[in-house]
Every structure is written in structure tokens, then in C-alpha cells.
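Q: the sequence isn't on hand, but the structure is:
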Ligand code: S0N
């Protein structure tokens with residue numbers, strides 16, 4: 001029995017932690033965990049907290065109940081220009097959430113416990129890993145319901161399943177079983193529903209034993225291949241972070257503060 005600690009109370013999500021794992025649960029089961037703008041604001045805040053927190057090394061994203069991971073944008077609040085928030089402003093702020101998950105310097109695991117449809121499917125696509133229950137169902141619905149994601153939801157999906165399959169998924173809007181999704185390469189592991197959290201936790205615990213900096217750099221490198229200048233910037237930013245940890249970088253700062261010339265000759269010039 002895991003003693004999940006509630007980090008903060010929210011209306012649309014649950015945010016908990018346990019032994020180095022942050023767990024973020026979309027908590028709108030009556031609409032199959034569809035997200036409205038407020039849900040996305042809360043998800044972004046929880047992900048940002050996970051990024052800052054030294055004691056959280058890996059994050060799980062899931063949905064409440066056993067019917068759905070997430071069914072995408074809440075059709076009840078869709079209006080002109082996007083999904084209408086409580087102030088009446090139309091928003092597509094889920095793209096900001098995609099960027100957060102993509103940039104998160106820690107692994108993010110989608111724990112898919114039912115339908116992952118439309119924008120809900122995109123959410124699992126942008127996560128680093130997907131562990132699914134055997135009742136999970138995957139698919140895009142955009143061209144059927146008046147929407148599409150030509151961003152990560154298409155390009156990154158194509159990296160998982162290939163161009164032909166990605167086009168099939170988007171053009172036909174069919175639904176796929178967990179086993180089919182695993183065979184296509186967009187799901188890492190399928191387990192019985194009652195084993196889903198145990199399996200996901202086990203994967204998280206293995207990653208928590210690995211070097212956080214090595215995991216971070218691997219994620220950056222894999223992203224950079226697809227993310228253009230933004231991906232290179234994030235990879236380069238982490239190279240700078242590592243440089244700051246070296247005496248060679250510290251010598252430059254020390255010399256400046258001590259008002260002397262830096263002595264970089266002392267540092268090796270590796271072949
Ligand atoms: C999930 C489906 C297939 C389940 O079917 P099933 O089992 O027949 O159940 P239902 O009776 O249909 O559903 C149960 C209850 O849940 C409500 N509900 C389900 N999904 C939604 C939803 N998305 N919004 C609001 N309510 C939902 C049902 O109404 C039902 O409630 P009751 O019992 O009260 O009648 C099936 O439900 C389904 O197909 N759902 C709709 C899927 C869908 O259309 N999703 C939206 C697709 N669009 C997006 O996600 C856009 C996302 C976006 O914002 C975006 C924008 C730009 C760039 C990227 C994105 C992005 O994609 O991320």
C-alpha cells in the first residue's frame with residue numbers, strides 16, 4: 001500500500017507524491033477526463049512544481065478511474081477560437097502543457113488506464129514512456145470532431161509508429177487496442193489493469209536509481225533530433241549547466257571576482 005501524499009488540492013486534477021515519484025491525475029471522470037482550460041492551467045502548475053522539486057525524480061501522468069486516461073479537449077466548453085475558460089476567453093493552452101512535458105528535465109511516464117483519445121492521445125504521445133492497461137484504447141479523433149494537432153501529436157507520433165501508420169491514425173480516426181498500440185511502438189508495456197500502477201511504479205523506481213543527469217541528457221538528445229533550434233537550445237543549455245559544474249568554468253568566475261587573469265592553461269585539452 002503506497003501512502004501517496006497530496007501536494008496540493010485542485011478542482012480538476014490530483015497532485016500527489018511518494019518516494020521520489022510525482023503523480024498527476026486528471027480528475028474529471030464524468031467526462032472521461034477531458035480537459036478544459038482550467039484543467040490545463042492546473043496540470044501546468046503541477047508539472048512546474050515537479051520540475052522545481054529536488055525530491056521528485058520522475059513523474060506519472062494518468063486519469064482518474066478505470067475508463068479513461070483522457071478523452072481530449074472538453075467538447076462542452078469548445079467555442080469560437082478554442083476552449084472557453086471561466087472568464088470567457090478561448091484558449092488552446094494544452095500546447096503549453098505539451099511543451100512543459102517535452103522540456104521537463106525528468107522522465108514523464110503516461111500511465112494509460114482506459115481511453116486515450118484525441119488530445120488525450122496526444123498527451124500520452126508527448127510523454128517519454130507509456131505503460132498501459134490491457135483495456136486501454138488509443139486513437140485520434142480530430143478530423144471526425146473538428147480538430148487536429150499538427151504539432152507533436154503528428155510529428156512525434158510518426159517517430160513512434162512511422163509516417164504511413166501516423167497518417168492512418170489521423171486520417172481514419174480508428175481506435176486501437178493496447179496490444180495494437182504496443183505492436184506499433186507507441187506503448188512500452190501492456191499489463192492487466194490491476195497491475196498497472198505496480199508496473200508503472202517499478203519502471204519509475206528503476207529510473208530513480210539511474211543517474212538523473214544522464215537521463216536528462218538522453219532526453220535532451222532524443223528531443224533535439226526532432227525539435228530543431230529549440231531542441232538544440234535545451235541540449236546546449238544542459239551542456240552549459242554541466243560546464244558550470246566544472247572547475248574550468250569556475251576559474252573564469254573566480255578570476256573575474258579576484259580581479260586577475262584566468263588561468264585556463266591548467267585544464268586538460270582532451271583529444
Ligand atoms: C472516448 C470515447 C471514445 C468513449 O466512448 P464511450 O465509451 O461510448 O463513452 P461516451 O458515452 O461517449 O462518454 C462517456 C461520457 O464522457 C463524456 N465525454 C467523453 N469524451 C468527452 C469530451 N472530450 N468532452 C466532453 N465530454 C466527453 C461523454 O459525453 C459521456 O458523458 P455522458 O455520460 O454525460 O453522456 C468517446 O467519449 C469520445 O469519442 N469522446 C470524444 C473525444 C473527442 O472528441 N475529444 C476531443 C478531440 N479534440 C481535442 O482533443 C482537441 C485537443 C486540443 O485542444 C488541441 C488543440 C490544438 C493542438 C493540439 C491539441 C491536442 O490534440 O492536444
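A: Sure, I can see it. From a predicted model like this one, the values you see are computed outputs, not experimental measurements. Numbers count the residues shown, from 1 in each chain.
Q: can you give me the strands in the stretch 1-150 of the chain?
A: 5-9, 13-18, 21-26, 58-63, 68-70, 78-79, 82-84, 90-91, 108-112, 115-117, 129-133, 137-139 (DSSP state E, counting those that start in this stretch).
Q: report pLDDT for the nearest residue to residue 96 once chain neighbours are set aside.
A: Leaving out its chain neighbours, the residue that sits closest to residue 96 by CB to CB, 6 or more residues apart in numbering is residue 44, at 6.0 Å. Any C-beta I mention is one placed from the backbone N, CA and C, and that applies to glycine too. Residue 44 carries a pLDDT score of 98 in this model.
Q: before we move on, the earlier item: nearest to the ligand, of the strands of the stretch 1-150 of the chain?
A: Nearest of those to the ligand, taken as CB to the nearest ligand atom: strand 115-117 at 4.2 Å.
Q: now that closest one: buried residues?
A: Across strand 115-117, burial judged by 16 or more other CB atoms under 10 Å covers 115-117.
Q: now for it, which elements pack on it?
A: The contact analysis (3 or more CB pairs under 8 Å, 6 or more residues apart in numbering; DSSP states H and E) places strand 115-117 against strand 68-70, strand 137-139.
Q: quick one: residue 136 and residue 68, what's the gap?
A: 9 Å (CB to CB, to the nearest Å).
Q: who touches both of these two?
A: Common contact partners of residue 136 and residue 68 (CB atoms under 8 Å, 6 or more residues apart in numbering): 113-116.
Q: identify the residue nearest the closest residue to the ligand within the chain in space, chain neighbours excluded?
A: Nearest residue of the chain to the ligand: residue 72, at 2.3 Å (CB to the nearest ligand atom). In space, and not counting its chain neighbours, residue 72 is closest to residue 118: 2.8 Å by CB to CB, 6+ apart.
Q: re earlier: which residue of residue 136 and residue 68 possesses the greater neighbour count?
A: residue 136 (28 against 25; other CB atoms under 10 Å).
Q: follow-up on the earlier one: restrict the buried residues of strand 115-117 to those near the ligand?
A: Residues of those in contact with the ligand (CB under 6 Å from any ligand atom): 115, 117.
Q: reformat the buried residues of strand 115-117 as JSON lines; add pLDDT.
A: What follows is the buried residues of strand 115-117, written out as JSON lines (pLDDT from 0 to 100):
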{"residue": "115", "pLDDT": "98"}
{"residue": "116", "pLDDT": "98"}
{"residue": "117", "pLDDT": "98"}
